[in-house]
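*Asks:* using only what follows, build the 3D model:
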Amino acid sequence: NTYTAFATPLDNGTPVEMGTFSSVIPTKQNIWYGSVKVDHQFAPTDKLTFRSHVDRRNSPLNAGNLAFGERWAVDSKYFGQNHFIGYTKTLNTSFVNESRVGYTRLDPSFVERDPVTPTIILTNLFQIGVPRTYPQERREQTWQFQNVSTYLFSKHSLKFGADLARTNLFQNSAQDVRGTWTFLSMQDFMNNQTNSLVFLASTPTRYTFNQWRQAYFVQDDYKLRRNLTVNLGLRYELSAVPLGGFGATTDEVLNAFVPGPVERDTNNWAPRVGFAYSPQFESGLLGTLLGDGKSAIRGGFGVSYDQMFYSLLPNPATNYPRTDTQTLSGTTPPALDQFPVLPPKVTTPTLSAGTSFVNIPSDTQLPTSNYWSLSIQRQIRSNYTVELGYNGNRSHHLFRQSQNNPGILTQPMAEAVIATCPSANLGTSQGTPPPRLIPNWGSRQSLEATGNAAYDGMYVQVNALTSFGLRLGANYTWSANFSDSEEFSNDGAASGD
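*Replies:* Now for the predicted structure:
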């Protein structure tokens with residue numbers, strides 16, 4: 001552990017030394033991992049497959065507030081298991097069917113070293129206590145059935161199948177249950193003058209849901225010529241929206257500028273097309289470059305969809321009227337010397353001007369990716385191959401945060417910022433947050449699927465086989481990725497500034 005002093009400001013006229021404390025945190029993990037594999041051939045046309053994986057991990061000091069060592073750390077524990085049994089039946093030389101049934105269970109848990117101390121934030125200095133998002137508990141179970149059939153006829157290799165899954169999730173979270181107290185300076189902290197307090201005024205949030213997901217596909221590999229194969233496919237996906245994403249269901253909340261339940265996205269068609277071509281040029285420039293059956297050109301295009309990941313739900317799950325998270329700040333700040341006493345709990349949540357909401361827009365679409373590739377592979381002599389390729393994709397409807405009721409700087413605040421250009425958060429300029437666009441409403445944070453991303457990559461790969469059986473390979477990739485939703489969880493849209 002090290003400590004470095006960097007300033008001695010005056011607090012209430014008394015010099016107080018300030019410094020940076022760097023703690024050494026041991027990173028230890030205890031991991032148990034086991035797997036079982038069984039393959040049994042009942043008959044030449046019948047095969048049974050069983051797989052089982054168990055993963056148990058204990059990671060002390062893995063999360064929480066590690067700035068002060070172990071005091072406000074959180075230990076992460078994880079238990080996961082995955083089992084499936086598959087049956088493959090060969091009906092004849094042209095038809096094969098494979099069925100799978102699987103079960104997956106995830107049990108992450110978090111043990112706080114200090115479950116009592118509230119979360120205390122000294123603006124631009126440090127934090128005391130574990131982060132406000134604790135305590136939390138989660139259990140996820142998924143049952144899945146898959147069936148894929150393959151049928152060969154003429155020049156076609158036809159595949160079709162279905163993927164059905166049902167997930168049960170239990171979530172228990174109590175964000176701000178001990179209160180999150182914010183002080184603008186060390187002097188305010190020593191004088192017990194709180195700038196803002198966010199606290200859970202009702203019982204913690206608990207919820208459970210079952211979600212059905214289904215997908216169906218058909219695909220055909222068509223050998224047009226001896227040296228040209230074309231692949232065509234189509235997939236359709238449909239997913240239920242767990243608990244409607246906790247959208248507003250009453251006129252009282254809908255009229256407070258809060259979106260309703262998330263509607264199911266039913267337009268998830270995913271076409272795919274690809275080809276593999278081996279040129280046959282015996283002479284000329286193309287014969288020199290591509291050869292006769294010594295090159296392969298491959299390309300393809302496809303569309304894929306992701307899911308609305310479950311980690312989004314704990315945010316809107318805490319909305320009124322399921323829970324009542326109250327904020328004291330601005331014109332109604334906490335009383336002097338109120339810390340660390342929380343206001344009394346309530347039995348019936350109330351909707352007030354300061355009530356905050358975090359929601360997913362009702363017209364949210366699932367994250368979508370369009371991807372494509374093109375490559376050319378050339379055999380050189382009998383033991384070398386060189387491949388040049390390009391991969392790209394464009395993704396849309398990625399999740400990111402925004403604020404539907406942002407804070408607007410007043411003219412005096414704007415002039416103060418322009419004059420001093422402070423590095424402090426604009427939300428605490430002149431000691432009070434700026435008024436919001438609609439002053440009589442609180443924060444309206446939106447978890448919206450409006451992000452975009454783009455990836456382009458080119459690569460070159462060389463493989464060689466030596467005369468004594470040793471394989472050698474080398475490759476180089478140049479790529480670029482651009483996205484406006486990479487820091488989704490750190491967008492800081494809650495303040496709206």
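*Asks:* centre-most residue in this protein?
*Replies:* Per CA atoms, centre = their mean, the C-alpha nearest to the average position across the chain is that of residue 309, at 6.3 Å.
*Asks:* what pLDDT does the model give the closest residue to that residue other than its chain neighbours?
*Replies:* Excluding the flanking residues, the one nearest residue 309 by CB to CB, 6 or more residues apart in numbering is residue 399, at 7.9 Å. Every C-beta, even on glycine, is put in place using the N, C-alpha and C of the backbone. Looking at residue 399, its pLDDT is 92.
*Asks:* and for the one 10 residues further on?
*Replies:* Here, the pLDDT recorded for residue 409 equals 81.
*Asks:* how about low-confidence regions in this protein?
*Replies:* 1-7, 347, 420-433, 487-497 (pLDDT under 70).
*Asks:* the helices in it, which residues?
*Replies:* 186-190, 251-254, 284-290, 411-420 (DSSP state H).
*Asks:* so which of those helices is the most packed in?
*Replies:* Of these, the one with the most neighbours on average (mean count of other CB atoms under 10 Å) is helix 186-190, at a mean of 17.
*Asks:* just checking, what packs against it?
*Replies:* Secondary-structure packing of helix 186-190 (3 or more CB pairs under 8 Å, 6 or more residues apart in numbering; DSSP states H and E): strand 10-11, strand 119-122.
*Asks:* note down every partner strand of the shortest one and its orientation.
*Replies:* I take that to be strand 10-11. Here strand 10-11 is paired, per DSSP bridges, with strand 14-15 (antiparallel).
*Asks:* how distant is the partner strand from the center of its chain?
*Replies:* 46 Å (CA atoms, centre = their mean, to the nearest Å).
*Asks:* and the contacts of it?
*Replies:* Strand 14-15 has contacts (CB atoms under 8 Å, 6 or more residues apart in numbering) with 8, 9.
*Asks:* stretch 62-80 now?
*Replies:* Against stretch 62-80 from outside (CB under 8 Å, 6+ apart): 1, 21, 23-25, 27, 29, 53-61, 104-114, 117, 126-131, 134.
*Asks:* one more time with 6 Å
*Replies:* 23, 25, 55-61, 106-114, 126-127, 129-130 (CB atoms under 6 Å, 6 or more residues apart in numbering).
*Asks:* among these, which lie within strands?
*Replies:* Counting by DSSP state E, those place 55-61, 106-112, 126-127 in strands.
*Asks:* of those, grab the buried ones for ChimeraX.
*Replies:* Applied in ChimeraX, the following selects the buried portion of those according to 16 or more other CB atoms under 10 Å:
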select :57,58,59,60,61,106,107,110,111,112,127
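*Asks:* farthest-separated two in the ones in strands among the contacts of stretch 62-80?
*Replies:* 55 and 126 (35.2 Å; CB to CB).
*Asks:* nearest to residue 94, out of the helices and strands packed on helix 186-190?
*Replies:* Closest among the helices and strands packed on helix 186-190, once you apply CB to CB, is strand 119-122, at 65.0 Å.
*Asks:* what packs against that closest one?
*Replies:* strand 180-183 (3 or more CB pairs under 6 Å, 6 or more residues apart in numbering; DSSP states H and E).
*Asks:* tally of neighbours for the residue lying closest to residue 155 once chain neighbours are set aside?
*Replies:* Nearest residue to residue 155 in three dimensions, chain neighbours excluded: residue 223, at 4.4 Å (CB to CB, 6+ apart). Per other CB atoms under 10 Å, the neighbour tally for residue 223 reads 14.
*Asks:* ditto for residue 471
*Replies:* For residue 471, the neighbour count with other CB under 10 Å is 9.
*Asks:* find the nearest non-adjacent residue to it, please.
*Replies:* residue 465 (5.6 Å).
*Asks:* you'd agree that neighbour is up against residue 383?
*Replies:* Yes - in this structure, residue 465 is within contact of residue 383 by CB atoms under 6 Å, at 4.5 Å.
*Asks:* closest one of the ones in strands among the contacts of stretch 62-80 to residue 166?
*Replies:* Once CB to CB is applied, the member of those that ends up nearest residue 166 is residue 106, at 14.8 Å.
*Asks:* wait, doesn't residue 40 sit right on residue 50?
*Replies:* No - look at residue 40 against residue 50 with CB under 6 Å: they stay out of range, at 8.2 Å.
*Asks:* between those two, who's got more neighbours?
*Replies:* For residue 40 versus residue 50, neighbours defined as other CB under 10 Å are more numerous around residue 50 (13 against 9).
*Asks:* what is the neighbour count of the closest residue to the more buried one other than its chain neighbours?
*Replies:* Spatially, and ignoring its direct neighbours in sequence, residue 50 is nearest to residue 38 (4.1 Å; CB to CB, 6+ apart). Neighbour count of residue 38, defined by other CB under 10 Å: 10.
*Asks:* got it, and the one 3 residues further on?
*Replies:* A count of nearby residues for residue 41, using other CB under 10 Å, gives 10.
*Asks:* check contacts around it.
*Replies:* residue 47.
*Asks:* picking that back up, as JSON lines, the helices and strands packed on helix 186-190 with distance to residue 404 and mean neighbour count would be great.
*Replies:* Shown next, in JSON lines, are the helices and strands packed on helix 186-190 (distance: least, CB to CB, whole Å; neighbours: other CB atoms under 10 Å):
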{"stretch": "strand 10-11", "distance to residue 404": "39", "mean neighbour count": "12"}
{"stretch": "strand 119-122", "distance to residue 404": "24", "mean neighbour count": "20"}
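*Asks:* reformat the ones you listed as JSON lines; add distance to residue 319.
*Replies:* Listed next are the helices and strands packed on helix 186-190 as JSON lines, based on distance: least, CB to CB, whole Å:
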{"stretch": "strand 10-11", "distance to residue 319": "39"}
{"stretch": "strand 119-122", "distance to residue 319": "20"}
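*Asks:* of those, which approaches residue 179 most closely?
*Replies:* Closest to residue 179 of those is strand 119-122 (CB to CB; 7.0 Å).
*Asks:* what are the contacting residues of the closest one?
*Replies:* 127, 128, 129, 132, 180, 181, 182, 183, 189.
*Asks:* just the C-alphas of that strand, formatted as CSV.
*Replies:* Backbone C-alpha positions of strand 119-122 (Å, rounded to 0.1, in the frame of the first residue of the first chain) are rendered in CSV as follows:
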residue,chain,number,x,y,z
THR,A,119,-22.7,4.6,0.1
ILE,A,120,-21.0,8.0,0.6
ILE,A,121,-19.7,10.0,-2.4
LEU,A,122,-17.4,12.9,-2.0
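*Asks:* can you tell me the strand partners of it and which way each runs?
*Replies:* Partners of strand 119-122 in its sheet, by DSSP bridges: strand 126-128 (antiparallel), strand 180-183 (parallel).
*Asks:* how distant is that strand from the center of its chain?
*Replies:* Distance, centroid of strand 119-122 to centroid of chain: 27 Å (CA atoms, centre = their mean).
*Asks:* any idea how far the closest residue to residue 57 other than its chain neighbours lies from residue 170?
*Replies:* Leaving aside its sequence neighbours, residue 57 sits nearest to residue 78 (CB to CB, 6+ apart; 4.4 Å). When distance is defined by CB to CB, to the nearest Å, residue 78 is 16 Å away from residue 170.
*Asks:* and what of residue 397?
*Replies:* 28 Å.
*Asks:* between the two, which one's more packed in?
*Replies:* Set residue 397 next to residue 170 and count neighbours by other CB under 10 Å: residue 397 wins out with 20 against 14.
*Asks:* distance-wise, check the more buried one relative to residue 483.
*Replies:* Taking CB to CB as the measure, residue 397 falls 13 Å from residue 483.
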